[in-house]
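**Q** everything below, folded, please.
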Amino acid sequence: MAFTFTDLKSEVKRRATKNQGGTQFDTGIANVINTSMWRVAREAKWRSLRRSTTFNTVIKYTTGTGAVTLTKNSSNVTVTGATLLTDGVRIGRYTNFSGSSTYFKVATITGETTLTLNQTYDGTSTAVGTYSVLGQEEYVLPIQIGHSAFFWHKAYGYPLQLEYIPSQEFYGSGTIDTMESVPTAYRMWGM
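**A** Model (predicted):
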C-alpha cells in the first residue's frame, strides 16, 4: 500500500500518540520521517540496482589459414595467418587441435602467430593441423554493474535470465569448462 507523506505522517502520529489529538508533535514527526527517508535513500544500494550495462561475450577463435604446426611432446604452437595479439586472445583460454582429444590452455602468447600450451601436445606432429580457441569462459564485469542483481542473455532472440549456481553445484551438475553453447547459468568468483 502506497502512502503519501501526509498519510505517513498521520499514521506515525496515530501510533506514537495512541490516537490522542493535537498538533504539538506534527513538526517533530515530520522531521523524523524526513530524516529516516533521507537515510534510507542514502544508505541503500538503490543506485547500483538501477544500473544496467552490457558486455559482449567472446566467441570461438579460428583466425588463420588452418595450417597449425604442432610437435609431439612440445608445448610450442605456430598458427599460420593468425593475429593472436591484435585480436586480444587471452592467456588461460581452452584450445583444441586436430590429432588430439585433449583440451589445452593457452599458457603464453609469444607473437601474432605463436603461443605455448600449459602442457605438451600429445598427438602426432604435423605442419597442417587445425585448431580452435574456445569461447572465453570468465569475464571481469564492467564497473557500472556495481551490485549484480541478475544477468540475462539475448542470444536466443529474447532476454533469457541466467540462473546463478554456486561453483560446487555448477561442476557437480556435470558441466565442464570446455562446453560451448549459449549460457543459461552463471557462477561468481569467491562465492
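**Q** off-centre distance for the lengthiest helix in the chain?
**A** Taking DSSP state H as the criterion, the chain has its longest helix at helix 26-43. Going by Cα atoms, centre = their mean, to the nearest Å, the spacing between the C-alpha centre of helix 26-43 and its chain's C-alpha centre is 37 Å.
**Q** quick one: buried residues of that helix?
**A** Within helix 26-43, the residues that count as buried by 16 or more other Cβ atoms under 10 Å are Ile29, Ala30, Ile33. All C-beta atoms are positioned from the backbone trio N, CA, C, and that covers glycine.
**Q** so which elements touch that helix?
**A** Other helices and strands packing on helix 26-43, by 3 or more Cβ pairs under 8 Å, 6 or more residues apart in numbering; DSSP states H and E, are helix 5-17.
**Q** packing partners for the helix it packs on?
**A** helix 26-43.
**Q** list the contacts of the helix it packs on.
**A** Phe5, Leu8, Lys9, Val12, Lys13, Ala16 (Cβ atoms under 8 Å, 6 or more residues apart in numbering).
**Q** turn the buried residues of helix 26-43 into TSV, including distance to Thr86 and pLDDT.
**A** Converted to TSV, the buried residues of helix 26-43 look like this (distance: Cβ to Cβ, whole Å; pLDDT from 0 to 100):
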residue	distance to Thr86	pLDDT
Ile29	66	81
Ala30	63	83
Ile33	60	82
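**Q** can I get those residues in TSV including distance to Ser132?
**A** Listed next are these as TSV, based on distance: Cβ to Cβ, whole Å:
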residue	distance to Ser132
Ile29	68
Ala30	67
Ile33	62
